[in-house]
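Trainee: The following comprises the amino acid sequence and a computationally predicted model.
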Amino acid sequence: MDKSESTLNKKKPLIWKGESYEKVLIIHNHDLHGAGFCALIIYALNGIRKAKAMQAIPVIDFNGNNTLYFYDSSKGESVWAYFFENISPFSPAEIIRWLKTGEIDESQVLYIDSEKASKDHQNDPDRLATFWAWQRPKNPEGWMKDKRALGRSYIEEYVKPQASIQSKVDSFVSEYFNTSFIIGIHIRGTDFHYAVPTSIKSYLQKIDELLIKMDTNDYQIFVATDQQQYLEIFKEHHGGKVLSWNAIRSNNHIAPLKFDEFSGYRKGEDVLIDILLLSQCNHIIKGAAAVGELALWFCHHDHITDFAIESDFVRKQYGQLESAFSQLNVGNKRKSILRIYKLRDRIIRKMMASWVGRNLSVRYSWARRLLRH
């Protein structure tokens, strides 16, 4: 037996969903310093979409090197597997091992170029997305509906939350969702910057309109938010009818995913549980941020108030962007203090937009703390 016959006999069968494949596509998180939890889901789903086009098996490799904010060594190397069942039967470690043993060769292992992945994340017209980017669609409402339908089909086929997380969601619903009309709210504060933010006043007005339309006092409001001040305001207006998951929240412009004092797993689980609980609500009020839209991908009704349609992508370079916390003055800062917040935020953003800032942030935890924004 010659060498080629020996290699052929050793070749690893690549089977997925009952079909044989010749290749695998390794899916990474390419936004090392900026990707929130929802962005990871979108990267994974678009990776699956590309794998299908390449006739390859998707293998998600979100690990401690490329998924800094949600990695938790106590939970293992696969960040995706902390929260969801694996999409393919193979792990990245197995692929590496098979390459070393010759059971597969390098031509069978495909990767997405980091620069191309970043470009496609905002520009590929066929991508899965929760909001448009540089090119505003001619029909924003139609664009959102089409992307929602695509997202729902991918979620249904490929994304199943881990049983331990789903159990927490089911228990919360059973214990606290006690009325026939539950309004789900997602309102993003802190560092939200890529679209025009919606003020809490608009949310409160819409709730009042809904309650008049439904002619009911038998309601509850589930609030998913990263901003502690927002939750307190909803409680001021609706008291004990307001429900929330005990998630990590911020009282300033820094998003909870950047808090070092909490585990990566906790930060990711909080977001996923908020998404899943929102999906159980009878009517969802959301803005341009991703959590509210992803909640709609996990459910099959279209009882929605979508402030995203009224918003738009902010067409500025990263160093010129401004957080929702500052734009809406969530903390009710004096003008002089607010100017300092905005100046500090802009300086740090410009630093993070540079090669030096990005690399320092990826390499060192002290740099991530210093450059938090």
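Mentor: Okay, I see it.

Trainee: C-alpha only now, for contacts and for neighbours.
Mentor: Noted.

Trainee: Report the residue spans of the chain with pLDDT below the cut-off.
Mentor: Regions of the chain meeting the criterion pLDDT under 70 cover residues 1-10, 33, 352, 355, 357, 362, 367, 371, 373.

Trainee: give the contact list for residue 121.
Mentor: Residue 121 sits next to 43, 127, 129 when contact means Cα atoms under 8 Å, 6 or more residues apart in numbering.

Trainee: same thing but 10 Å
Mentor: By Cα atoms under 10 Å, 6 or more residues apart in numbering, the contact set of residue 121 is 39, 42, 43, 46, 127, 128, 129, 132, 133.

Trainee: what's the next secondary structure element after the host helix or strand of it?
Mentor: In the assignment (DSSP states H and E), residue 121 maps to helix 114-123. Note on helix 114-123: by DSSP H and E, the next helix or strand toward the C-terminus is helix 140-158.

Trainee: packing partners for that following helix?
Mentor: Applying 3 or more Cα pairs under 10 Å, 6 or more residues apart in numbering; DSSP states H and E, one finds that helix 140-158 contacts helix 37-54, helix 290-297.

Trainee: swap the cut-off to 8 Å and go again
Mentor: Applying 3 or more Cα pairs under 8 Å, 6 or more residues apart in numbering; DSSP states H and E, one finds that helix 140-158 contacts helix 290-297.

Trainee: So residue 59: helix, strand or coil?
Mentor: strand (DSSP: H, G, I helix; E, B strand; the rest coil).

Trainee: Give me the spatial nearest neighbour of it, chain neighbours excluded.
Mentor: Using Cα to Cα, 6 or more residues apart in numbering and skipping residues adjacent in sequence, the residue nearest residue 59 is residue 26, 4.9 Å away.

Trainee: Dihedrals phi and psi, the one you found?
Mentor: phi -80, psi 120 (degrees, to the nearest 10).

Trainee: Pull up the gap between it and residue 108, please.
Mentor: 11 Å (Cα to Cα, to the nearest Å).

Trainee: For the host helix or strand of residue 234, list the C-alpha coordinates in PDB.
Mentor: If you go by DSSP H and E, residue 234 is part of helix 228-238. C-alpha atoms of helix 228-238 as PDB (Å, rounded to 0.1, in the frame of the first residue of the first chain):
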ATOM      1  CA  GLN A 228     -30.400  50.700  36.000                       C
ATOM      2  CA  GLN A 229     -32.000  54.100  35.700                       C
ATOM      3  CA  TYR A 230     -34.400  52.900  33.000                       C
ATOM      4  CA  LEU A 231     -35.700  50.100  35.200                       C
ATOM      5  CA  GLU A 232     -36.200  52.500  38.100                       C
ATOM      6  CA  ILE A 233     -38.200  54.900  35.900                       C
ATOM      7  CA  PHE A 234     -40.500  52.100  34.700                       C
ATOM      8  CA  LYS A 235     -41.100  51.100  38.300                       C
ATOM      9  CA  GLU A 236     -41.900  54.700  39.200                       C
ATOM     10  CA  HIS A 237     -44.700  54.700  36.500                       C
ATOM     11  CA  HIS A 238     -46.000  51.200  36.800                       C
END
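
Trainee: after that helix comes which helix or strand?
Mentor: Remark: after helix 228-238, the chain's next helix or strand is strand 242-243, criterion DSSP H and E.

Trainee: Show me what that next one is in contact with.
Mentor: Everything outside strand 242-243 that qualifies as a contact, by Cα under 8 Å, 6+ apart, is 176, 220, 221, 222, 223, 234, 235.

Trainee: Can you tell me, leaving aside adjacent residues, what's nearest to the first one?
Mentor: By that I understand residue 176. Here the residue nearest residue 176, using Cα to Cα, 6+ apart, is residue 243, at 7.7 Å.

Trainee: Now do stretch 102-111: distance from first to last residue.
Mentor: Calculated as Cα to Cα, the first-to-last residue distance of stretch 102-111 is 19 Å.

Trainee: Check stretch 232-252 too.
Mentor: Termini of stretch 232-252 sit 14 Å apart (Cα to Cα).

Trainee: Tell me the buried residues in it?
Mentor: 234-235, 241-245, 247-252 (16 or more other Cα atoms under 10 Å).

Trainee: Tabulate these in TSV, adding columns for distance to residue 55.
Mentor: TSV is the format used below for the buried residues of stretch 232-252 (distance: Cα to Cα, whole Å):
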residue	distance to residue 55
234	49
235	51
241	50
242	47
243	45
244	42
245	40
247	40
248	40
249	42
250	43
251	46
252	46
